[in-house]
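> give me a model of this one.
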Amino acid sequence: MRFLTGRAATLRHTLLDDEDVLAVPAVSVTVRDATGDTVYTGPATSSDDSWSVSVPSLPQGVYTASWVAPDVAADQTTFEVVGGFLFSIPDARGSDMDLADKARFPAGEVRHYRDVVEAEFERITGRSFTPRVTRVEVEADGTRTLYLGHLDVTAVAAVDGPSGPVDVSGWTVDGLGFLRAPYELPDGDRFTVTLSYGFVLAPEDVKRAGLIRLRSLLTAERSGIPDRATSFVAAEGGNFTLATPGRGGSETGIPEVDATLKRYRYEVFNDVFGVSR
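Now for the predicted structure:
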């Protein structure tokens with residue numbers, strides 16, 4: 001789950017024993033950042049079968065929440081705080097008259113599938129269309145350059161090396177994810193790098209593609225076409241071949257969305273440096 005920086009985040013979780021809800025008298029929550037430091041701890045509030053807690057505004061990054069109840073092993077959940085979203089909930093509701101129905105498509109469900117769309121687009125292109133912060137571990141190869149494994153890198157906040165924090169004055173980074181030191185880095189030395197990456201503002205064509213993909217996921221049941229179908233015959237006549245994910249180069253099964261995402265892929269670069277897609 002993703003939350004916007006600068007705002008409180010409401011975390012929700014259900015404690016389960018297999019598929020059965022655990023009845024517990026109280027739950028406390030501890031939130032830690034990527035370095036393991038505790039950034040919040042407090043009691044959770046019970047609501048129906050779930051527990052919730054409001055966490056104050058946090059900087060961008062990935063966090064882990066530990067849900068602890070008496071005599072029960074702690075549950076771990078992960079969430080991310082980001083600098084923006086591909087589109088807003090009002091954008092989604094305004095893109096389709098069906099999505100304007102808040103009873104049929106509650107905000108929580110729309111948020112969930114927005115996360116799904118953003119993650120899918122990043123997997124397909126190897127790029128994030130929203131501002132994000134992460135930590136990566138990389139190994140030096142005896143040159144001055146470290147490859148961070150992310151495209152559209154905008155800044156490096158910190159570097160920790162074998163001997164602790166590194167003075168990065170004089171270091172440079174480019175959008176392709178290459179971090180360069182002013183001196184050679186010993187072969188085999190490992191570095192932990194905190195970096196910012198992603199588009200500051202999502203391109204309009206990607207935003208439109210995201211809204212189309214969101215609608216396809218939320219309203220899939222109304223199509224009437226079986227999930228395994230690769231073609232269909234319309235009632236009024238005519239045989240149609242469907243764009244199917246995983247076939248013919250299609251990723252999502254929606255030609256307009258696939259064509260948009262293809263424009264943002266660095267095909268040769270991805271193949272050479274192994275950017276996941």
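> the longest helix in this structure is where?
helix 107-125 (DSSP state H).
> next structured bit after it?
strand 132-139 (DSSP states H and E).
> can you state the direction angle for that following strand and helix 107-125?
Angle between the axes of strand 132-139 and helix 107-125 is 40 degrees (criterion: axes from the mean of the first three to the mean of the last three Cα atoms, to 10 degrees).
> what pairs with strand 132-139, and is each one parallel or antiparallel?
Paired strands of strand 132-139, with direction, are strand 190-197 (antiparallel) (DSSP bridges).
> can I get the strand it pairs with as CSV, trimmed to CA atoms?
Extracted in CSV, the C-alpha atoms of strand 190-197 (Å, rounded to 0.1, in the frame of the first residue of the first chain):
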residue,chain,number,x,y,z
ARG,A,190,29.5,-3.1,-0.8
PHE,A,191,27.6,0.2,-0.5
THR,A,192,24.1,1.0,0.7
VAL,A,193,22.6,4.0,-1.3
THR,A,194,19.5,6.0,-0.4
LEU,A,195,18.2,7.5,-3.6
SER,A,196,15.3,9.4,-5.1
TYR,A,197,13.9,8.3,-8.4
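> residues contacting that strand, please?
The contact list for strand 190-197, computed with Cβ atoms under 8 Å, 6 or more residues apart in numbering, reads 34, 60, 128, 131-140, 146, 148, 150-162, 166, 173, 177, 179, 185. Any C-beta I mention is one placed from the backbone N, CA and C, and that applies to glycine too.
> same thing but at 6 Å, please
133, 135-139, 148, 150, 152-161 (Cβ atoms under 6 Å, 6 or more residues apart in numbering).
> show me what counts as buried in the next helix or strand after it.
Toward the C-terminus, strand 190-197 is succeeded by helix 204-218 as the next helix or strand (DSSP H and E). Neighbour-count burial for helix 204-218, with 16 or more other Cβ atoms under 10 Å as criterion, is recorded at 206, 207, 208, 209, 210, 211, 212, 213, 214, 215, 216, 218.
> what is residue 66 paired to in the beta sheet?
According to DSSP bridges, beta-bridge pairing links residue 66 with residue 30, residue 76.
> residue ranges with poor pLDDT in the stretch 101-250 of the chain?
Low-confidence segments of the stretch 101-250 of the chain, defined by pLDDT under 70, are located at 221-249.
> swap in 50 and give it another go.
Scanning the stretch 101-250 of the chain for pLDDT under 50 picks out the ranges 227, 240, 242.
> averaged pLDDT, stretch 28-39. What do you get?
Summarised as a single mean, pLDDT over stretch 28-39 is 96.
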